[in-house]
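[1] sharing a model that was predicted from the sequence below.
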Amino acid sequence: MEQSTTLDIEALKMTQEQYMLASQSLHLQPPGCGAGGVHPVGLYGWRKRCFYFFLLLLLVIMIVNLALTVWIIKVMNFTVDGMGTLRLNEEGIRLEGISEFLLPLYMKEIRSRGDSPLVLRSEKNVTVNARNSQGQLTGQLTVGLESVEAHCQKLEIHSKEGRLLFSASEEEVSIKTQKLTVTGSEGAVFSHSVETPLILASGASEDLKLESPTRTLTMEAPRGVELSSTRGGLKASGRKDLHFESTEGEILLDASTIRLGSLPLGMYSASKVQASHRQTVFEVCVCPSGKLYLSPAESRSTCQDVSNICLWS
């Protein structure tokens, strides 16, 4: 009897303990959870290891990225004023050293430092273009491997002081220097007329030669043409005719001795050869056509309009 009572008491205690545990579990269960029981929250196992691995990899990438950024800044020499050899200032952009441009460069002005020249280099050619406000090409300068070409309405070259030295346009080419020197062995060749106030030899010991091998050499001036040689002789020769003409003035031959060689002898005598041997003095006669000839000098003039020289001239 006592044993059954003891078993009932123990069963009652176990029932009470189960009821208390069930009540505690009901109170500890978070809101919103179903009746399925408590689920643990967190990363466990291989998920936890992968998470820490990705955190470590992200940290390594950030460190490498920061190191590369610092290295690029160091190598490219980034500063507040610019980068590398490029500097930005109030006047514009300044490049130091050699710079390479792969695309067209648009600038208002390009200049070098005061102590160094400006050098433009290219494997093919260097082309400088000028355009108007509408974008149309108005001028072009091309420096190539074999030639230098300029396309413009007028080309001008000025001195350091701003004085015009050379200008070329479609109408004329003008050289306004004090002296133009041609040092070629063949001299200067002109296909058409040349206008100049003075022609001099290149040096004091050099000869000046004006020659037209196949055509006519003509020298004209509104106030006269002067041919002079201060130190040597002056020679004018032609294959056919040599003309000295003055339309309004005179032709002046001013010298201590004037020689006219190979003038023909005009006379009627049949023994012209014998008379020329006996005659030592002659006078210079002029035909109406202007031809000169010699006539034996006597007490009176022997020049005749009907001389055989004048008749055949």
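    Done, it's in. Not measured: the values here are computed from a predicted model.

[2] any weak-confidence spans in the stretch 101-250 of the chain?
    202-205 (pLDDT under 70).

[3] spell out the residue ranges of the strands in this structure.
    82-83, 86-88, 93-95, 126-131, 137-143, 148-151, 154-158, 164-169, 173-175, 282-286, 292-296 (DSSP state E).

[4] can you tell me the average pLDDT over the shortest one?
    Strand 82-83 shows a mean pLDDT of 75 in the predicted model.

[5] residues making contact with that strand?
    76-77, 88, 93 (Cβ atoms under 8 Å, 6 or more residues apart in numbering). Quick note: C-beta positions are derived from backbone N, CA and C, even for glycine.

[6] list just the nearest of the residues you listed to Phe190.
    When those are ranked by distance to Phe190 (Cβ to Cβ), Ile93 comes first, at 48.3 Å.

[7] quick one: residues contacting that closest one.
    82, 86-87.

[8] please apply the same query to Thr142.
    Residues counted as contacts of Thr142 (Cβ under 8 Å, 6+ apart) are 125-128, 148-151.

[9] the closest residue to Glu170 other than its chain neighbours and Leu210, how far apart?
    Closest residue in space to Glu170, ignoring its immediate chain neighbours: Gln153 at 7.6 Å, by Cβ to Cβ, 6 or more residues apart in numbering. Applying Cβ to Cβ, to the nearest Å, the value for Gln153 to Leu210 is 34 Å.

[10] ranges for the helices of this structure?
    Under the criterion DSSP state H, the chain contains helices at 2-28, 46-76, 272-278, 308-311.

[11] in terms of mean pLDDT, which of the ones you listed ranks lowest?
    For the helices of the chain, where the average pLDDT is lowest is helix 272-278, sitting at a mean of 52.

[12] who's in contact with Ser169?
    Per Cβ under 8 Å, 6+ apart, neighbours of Ser169: 153-155.

[13] in the sheet, who's paired with it?
    Per DSSP bridges, the residues bridged to Ser169 are Lys154.

[14] now do stretch 253-260: distance to the chain's middle.
    Remark: stretch 253-260 is offset 55 Å from the chain centroid, using Cα atoms, centre = their mean, to the nearest Å.

[15] contacts for it?
    Counting by Cβ under 8 Å, 6+ apart, 284, 292 sit against stretch 253-260.

[16] how close does the closest residue to Glu96 other than its chain neighbours sit to Ser122?
    In space, and not counting its chain neighbours, Glu96 is closest to Thr85: 4.3 Å by Cβ to Cβ, 6+ apart. Computed with Cβ to Cβ, the distance linking Thr85 and Ser122 is 19 Å.

[17] now Leu208
    Distance from Leu208 to Ser122, by Cβ to Cβ: 44 Å.

[18] ok, His151 next?
    18 Å.

[19] and Leu103, by the same measure?
    Distance, Leu103 to Ser122, using Cβ to Cβ: 14 Å.

[20] what does Arg111 give?
    The gap separating Arg111 from Ser122 is 19 Å, by Cβ to Cβ.

[21] try Cys303
    From Cys303 to Ser122 the distance is 78 Å (Cβ to Cβ).

[22] more neighbours, those two?
    Cys303 (16 against 10; other Cβ atoms under 10 Å).

[23] what's the pLDDT at that one?
    Per the predicted model, pLDDT is 82 at Cys303.

[24] could you verify my assumption that it touches Lys291?
    No. Contact between Cys303 and Lys291 fails when scored by Cβ atoms under 8 Å: they sit 11.9 Å apart.

[25] count the residues that sit near the spatially closest residue to Ser295 that is not a sequence neighbour.
    Leaving aside its sequence neighbours, Ser295 sits nearest to Thr302 (Cβ to Cβ, 6+ apart; 4.4 Å). Residues lying near Thr302 (other Cβ under 10 Å) number 17.

[26] same check, this time on Ser307
    Neighbours around Ser307, by other Cβ under 10 Å: 21.

[27] can you pull the contacts of Lys124?
    Counted by Cβ under 8 Å, 6+ apart, Lys124 has contacts 144-145.

[28] quick check: closest non-adjacent residue to Ala150.
    Leu141 (5.2 Å).

[29] residues contacting that neighbour?
    Here Leu141 is in contact with 127-128, 148-151 (Cβ under 8 Å, 6+ apart).

[30] coming back round to it: pull the most distant pair out of the contacts of Thr142.
    Val126 and His151 (14.4 Å).

[31] I would like the residues contacting stretch 217-225, please.
    Outside of stretch 217-225, the residues within contact range by Cβ under 8 Å, 6+ apart are 210-211, 249.

[32] what is the end-to-end distance of stretch 118-138?
    24 Å (Cα to Cα, to the nearest Å).

[33] list the buried residues for it?
    When burial is assessed from 16 or more other Cβ atoms under 10 Å, stretch 118-138 yields no buried residues.
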